[in-house]
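S.K.: Predicted model and sequence below, questions to follow.
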Amino acid sequence: MTSALRLLVAVLLGCTGAAGAAEIAVGNAPDALRQAIETAAPGDVLRLGNARYDGPIVIDRPLTLIGDRDSRIVGNGEGTVISVHADDVTLKRLYITGSGRRLDQLDSGIALAKGTRRARVEGNRIVMNLIGVDVQGAIDATVSGNTIVGRTDLHRAEMGSGIYVWNAPGLLVEHNDIRRGRDGIFVSTSMQARYRFNRMQELRFAFHSMYANDIVLEHNVSRGNMLGFAFMFSRNVTATDNLSVGDATHGLFLNSVNTSRLIHNEVRDGGEKCLFIYGATRNRIEGNRLEGCDIGIHLTGGAAENVLTGNAVIGNRTQVKYVGTRWLEWSGAPDEADKTKAARGNFWSDHVAFDIDGDGLADSPYRPNDTVDVLTWSQPMTRLLLGAPAVQLIRWAQSRFPGLLPGGVVDSHPLMSPEGAGPRPPATPLTVGFIPAGEN
């Protein structure tokens, strides 16, 4: 398009700027945003005013859309509001609402199409859409500093996720506030991504990943959800310094997760289980603080060869639940790179022990479960007999003669103090806050 023609289009749309300028102010005429996109040159910056712009829109060339204080892009209630089909697209400071409600079509506030590169979704308010941001095969995308609030007019099974990720290598998701909906962040069949400093509440799962290898989660917060952080069928997951507060069923959930690291996370004031490990092997679980759940750690489904060291398990109704006949040693080497160092166990708030030599390790091992525990887990009605003298005699005998135990968890070098367990202070603070409860 010639400079003269571009200037004419800009005037008709209520735009300002010199002929051939890379920055265009989009007026509030009907259909102005769609026309501005159609006439813009690759690399142009479109600045939206304090007005409502009609969606849906499709961006098919490299552009930057920057909103003002009240720039609203409103869909018609069908499909996706903003569809990105080009590389190097930036969406910034926009209010986006009005998607459709079909999960089979992945109706979204913003959708980044397969194969697009380097999209940036920054500082937007994405409200009352089925899915907030759909990263559907985009490469090296960034979703940062957004406030995403899901729909309130649907049943839980009909809701979408705040951020939906599929096959998006190089993705960075950071500093987002996500509220309402099914899952805060849902990841499926996607690798090599980083999720950090996100805060999530009023959800089913805060973070839910399946077949997601080589991903990193750090300094995320889940508060008051059904479940905090769920990892399934994955390997090489690194989850560090995350916090789960008041999540109803599980804080940390591992299902068939291998060769991964859970380091310095915290679960507190939870419901059923702080940490659940099912069929997960060769993982390192270190420096986590697990406090105030019905069960501190539940291990089942053939989980084995996991290293547990430096964790603090505090004030749970049942500290450990393990139904199995093998002995599992939960005193791991304090250094992954140097297995020759002396084993170091975990802190257990119900372990009464002494430390005569002052090395910080208890002088007696910790065995959280006995035969009676295993029996009551497999046959709940036997709880009626817990006060019987014969049952108490069995428990006393096994506590004095551990050789009578059929197997289970043992921590041979338990810690005397919980110091050092839990999240470490972040290098940078959170940058965005939640929308007030009464605001949509």
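M.R.: Perfect, thanks for sending it.

S.K.: Please, where are all the helices along the protein?
M.R.: 3-12, 32-39, 371-378, 389-400 (DSSP state H).

S.K.: Go through those helices and find the least confident stretch.
M.R.: Of all these, the minimum mean pLDDT falls on helix 3-12 (a mean of 44).

S.K.: where does the stretch 51-200 of the chain dip in pLDDT?
M.R.: Within the stretch 51-200 of the chain, no stretch has pLDDT under 70.

S.K.: make it 90
M.R.: 69, 152-158, 181 (pLDDT under 90).

S.K.: Same check on the stretch 201-350 of the chain?
M.R.: 270-271, 300-305, 321-343, 350.

S.K.: now the residue lying closest to R182 once chain neighbours are set aside: how far from G132?
M.R.: Counting by C-beta to C-beta, 6 or more residues apart in numbering, the nearest residue to R182 once its immediate chain neighbours are dropped is M159, at 4.3 Å. Every residue, glycine included, has its C-beta placed from N, CA and C. Per C-beta to C-beta, to the nearest Å, M159 is found 11 Å from G132.

S.K.: where do the contact lists of these two overlap?
M.R.: G150, G181 (C-beta atoms under 8 Å, 6 or more residues apart in numbering).

S.K.: These two: who's more crowded?
M.R.: A direct count of neighbours by other C-beta atoms under 10 Å for M159 and G132 places G132 higher, at 32 against 22.

S.K.: ok, now which ones touch that one?
M.R.: 108-110, 126, 146, 148, 150, 160-164, 178, 181.

S.K.: go again using 7 Å as the cut-off
M.R.: Going by C-beta atoms under 7 Å, 6 or more residues apart in numbering, G132 touches S108, G109, I126, I148, G150, G162, I163.

S.K.: separation between the residue nearest to it when sequence neighbours are not counted and V307?
M.R.: Distances taken as C-beta to C-beta, 6+ apart place I148 nearest to G132, at 3.7 Å, with adjacent residues excluded. The gap separating I148 from V307 is 36 Å, by C-beta to C-beta.

S.K.: swap in A113?
M.R.: In terms of C-beta to C-beta, A113 sits 42 Å off from V307.

S.K.: How about I178?
M.R.: In terms of C-beta to C-beta, I178 sits 32 Å off from V307.

S.K.: who's more crowded, the two?
M.R.: I178 (30 against 18).

S.K.: what are the bridge partners for that one, then?
M.R.: Beta-bridge partners recorded for I178 (DSSP bridges): I148, M200.

S.K.: Thought N146 was touching it, still the case?
M.R.: No: if you go by C-beta atoms under 7 Å, I178 and N146 don't touch, sitting 8.3 Å apart.

S.K.: Neighbours of N283, how many?
M.R.: So N283, with other C-beta under 10 Å, has 22 neighbours.

S.K.: and what of S256?
M.R.: The burial count for S256: 18, using other C-beta under 10 Å.

S.K.: hey, what's L172 bridged with?
M.R.: T142, R194.

S.K.: Check the gap between P418 and A29 for me.
M.R.: 63 Å.

S.K.: between these two, who's got more neighbours?
M.R.: For P418 and A29, the more surrounded residue by other C-beta under 10 Å is P418, and the numbers stand at 18 against 14.

S.K.: Quick check, the more buried one in contact with F347.
M.R.: Yes: counting by C-beta under 7 Å, F347 is a contact partner of P418 at 4.3 Å.

S.K.: Beta-bridge partners for S188, please?
M.R.: W166, M210.

S.K.: Is there a neighbour count for it? I'd like the number.
M.R.: So S188, with other C-beta under 10 Å, has 16 neighbours.

S.K.: Report the contact partners of it.
M.R.: W166, M210, Y211.

S.K.: Go again with 8 Å.
M.R.: V165, W166, S209, M210, Y211, A212.

S.K.: next one: D87
M.R.: P62, T116, R117, R118, A119.

S.K.: List only those of those flagged as buried.
M.R.: P62, T116, A119 (16 or more other C-beta atoms under 10 Å).
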